[in-house]
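Chemist: here is my input; please provide its structure:
(one chain, ligands or ions: 1)
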Amino acid sequence: MFDVLIVGGGPAGISAAVYLKRFRLNIVIIMKDYGTLAKTDHIENYYGFVEPITGTQLVENGINQAKRMGISIIEEEVLNIEYFDTFTVKTNKSEYLAKTVLLTTGASRSGLKVKGFNDYVGKGISYCAVCDGFIYRNKRIGVVGAGEFMLEEYEVLKNFTNELTVFTNGVPLSVDIHGATLVSEPITAILGDEQIRQVKTSLASYDVDALFVAIGTPSASDFALRMGAFLKNNDIEVDETFMTNIPGLFAAGDCIGGFYQIAKAVSDGAHASVAINKYLRQKASL
Ligand SMILES: Cc1cc2nc3c(=O)[nH]c(=O)nc-3n(C[C@H](O)[C@H](O)[C@H](O)COP(=O)(O)OP(=O)(O)OC[C@H]3O[C@@H](n4cnc5c(N)ncnc54)[C@H](O)[C@@H]3O)c2cc1C
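Modeler: A predicted model of the protein is given here:
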C-alpha cells in the first residue's frame with residue numbers, strides 16, 4: 001500500500017511528489033498525459049527560464065526530475081476512486097491501494113458546448129451516475145461519452161433502467177456496449193422546460209428524462225463527487241491544509257480553482273505535501 005498516491009503529473013502533482021519523496025514516504029504518481037501544459041508552446045512567466053519554454057518541455061523536465069529522485073510514475077488513466085478508511089484507485093489497467101490520495105488532475109470536467117446544455121445542469125443533466133442514477137430509475141436515460149469513463153457510468157446506470165441511450169457525440173466508440181441504443185452523430189442542442197426533455201442531434205431528436213455526462217476522462221471533480229467530497233462551482237473544496245471533507249483525500253492545483261497558473265499549482269503541491277506528511281505522521285502515532 002502506498003502512503004500517498006498522486007493522480008496527475010503536472011506542476012501540482014510533481015511539486016508535491018518532490019517534497020513527499022524527501023519526507024521518505026512511499027509514493028506514486030499516476031498520470032494519463034501531459035495535461036493542460038500540452039496546450040501551450042510558449043511559457044515565459046515562470047521562474048528560472050531565461051528563454052520561453054514550451055509546455056511539453058516543462059512537463060518533461062518535471063517528469064525527469066521526479067524520475068531522477070526515484071519517484072515511480074505510472075502512465076495510466078484513473079477511472080474511479082473508492083474510499084473505505086483507505087483508498088482503492090482503479091485505472092484502465094490495474095488497481096492500487098493508498099493511505100492518502102492527492103488529486104492534481106487540472107481544471108474541471110468537460111461539458112457539451114451546445115445550446116441549452118448549461119441551462120439543464122442539475123435539471124436532468126448530471127455528472128455522477130452513482131449520485132443521481134437512482135432518481136431516474138425506470139426512466140429514459142441518456143449517457144454521453146465514447147470511452148471507458150462512459151462505460152463505467154453506463155454500468156451503474158444499467159441497474160436503474162432498461163431505456164438507455166448512449167450518445168457518442170460524433171466520437172468513435174472505443175468500448176463494447178450491449179443493450180443500449182447507440183446514437184453516434186453529434187449533439188446539436190438540449191431542449192426542455194423546467195427539466196431536460198430532449199437531446200437533439202444533427203439527424204434526429206431523442207426524448208430523455210436525464211442525461212449523464214461522461215466525456216473523455218474523469219476529472220478530479222468527478223472523482224470527488226462520487227466519493228462525496230464537497231465541490232464549489234465545480235472546483236474541489238479544500239481546507240487550509242488542502243484536505244477535502246474526506247479524511248486523507250487532498251487536492252491541489254487548477255482542480256481547486258483560483259489562479260490558473262503554474263506558479264500557483266507548484267505552490268499548492270508543496271503546501272499539500274507538508275500537510276499530507278503531517279496527517280500521515282499523526283495517524284501513525286495514534
Ligand atoms: C493554452 C494555455 C496556456 C497556458 N499558459 C500558461 C502560462 O504561460 N503560464 C502559466 O503560469 N500558466 C499557463 N497556463 C495554465 C497552466 O497550464 C495550469 O495552471 C497548470 O498546468 C496547472 O497545473 P496542474 O498540475 O494543476 O494541472 P495540469 O497541468 O493540467 O496537470 C493535470 C495532470 O493530471 C493528469 N490527469 C488528469 N485526469 C487524469 C486521470 N483521470 N487519470 C490520470 N491522470 C489524469 C494529466 O495527465 C496531467 O498529468 C496555461 C493554460 C492553457 C490552457
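
Chemist: which residues of the stretch 151-286 of the chain lie near the ligand?
Modeler: Residues of the stretch 151-286 of the chain lying close to the ligand by C-beta under 6 Å from any ligand atom are 217-218, 253-254, 260-263, 265. In short, each C-beta sits where N, CA and C put it, glycine included.

Chemist: now do 5 Å
Modeler: Residues of the stretch 151-286 of the chain lying close to the ligand by C-beta under 5 Å from any ligand atom are 217, 253-254, 260-262, 265.

Chemist: who wins for neighbours among those?
Modeler: In terms of neighbours by other C-beta atoms under 10 Å, these top out with Gly253 at 35 neighbours.

Chemist: ok, Val156 touching Phe134?
Modeler: No: using C-beta atoms under 8 Å, Val156 is not in contact with Phe134; the gap is 9.7 Å.

Chemist: which of these two has more residues huddled nearby?
Modeler: For Val156 versus Phe134, the count of surrounding residues by other C-beta under 10 Å is larger for Val156: 19 against 11.

Chemist: name the element the closest residue to the ligand within the stretch 101-250 of the chain belongs to?
Modeler: Using C-beta to the nearest ligand atom, the closest approach of the stretch 101-250 of the chain to the ligand is made by Gly106 at 2.5 Å. Here Gly106 sits in a region with no helix or strand, counting by DSSP states H and E.

Chemist: surely it touches Gly257?
Modeler: No: taking C-beta under 8 Å as the definition, Gly106 is not a contact partner of Gly257, at 11.5 Å.

Chemist: shared neighbours of those two, anything?
Modeler: Contact with both Gly106 and Gly257 is made by no residue, according to C-beta atoms under 8 Å, 6 or more residues apart in numbering.

Chemist: on the pLDDT front, check Arg109 for me.
Modeler: As predicted, Arg109 sits at a pLDDT of 66.

Chemist: now the one 4 residues further on
Modeler: For Lys113, the model assigns a pLDDT of 87.

Chemist: how many residues are close by the closest residue in space to Thr54 that isn't next to it in sequence?
Modeler: Excluding the flanking residues, the one nearest Thr54 by C-beta to C-beta, 6 or more residues apart in numbering is Asp41, at 4.8 Å. Using other C-beta under 10 Å, Asp41 is surrounded by 11 other residues.

Chemist: which element is Ser273 on?
Modeler: Element membership of Ser273 [criterion: DSSP H and E] is helix 262-285.

Chemist: who does that helix touch, helix- and strand-wise?
Modeler: If you count contacts as 3 or more C-beta pairs under 8 Å, 6 or more residues apart in numbering; DSSP states H and E, helix 262-285 packs onto strand 2-7, helix 11-22, strand 95-103, strand 249-251.

Chemist: quick one: buried residues of the second one?
Modeler: For helix 11-22, burial by neighbour count (16 or more other C-beta atoms under 10 Å) applies to 11-21.

Chemist: kindly report the same for stretch 92-108.
Modeler: Of all the residues in stretch 92-108, those buried under the rule 16+ other C-beta under 10 Å are 96, 98-108.
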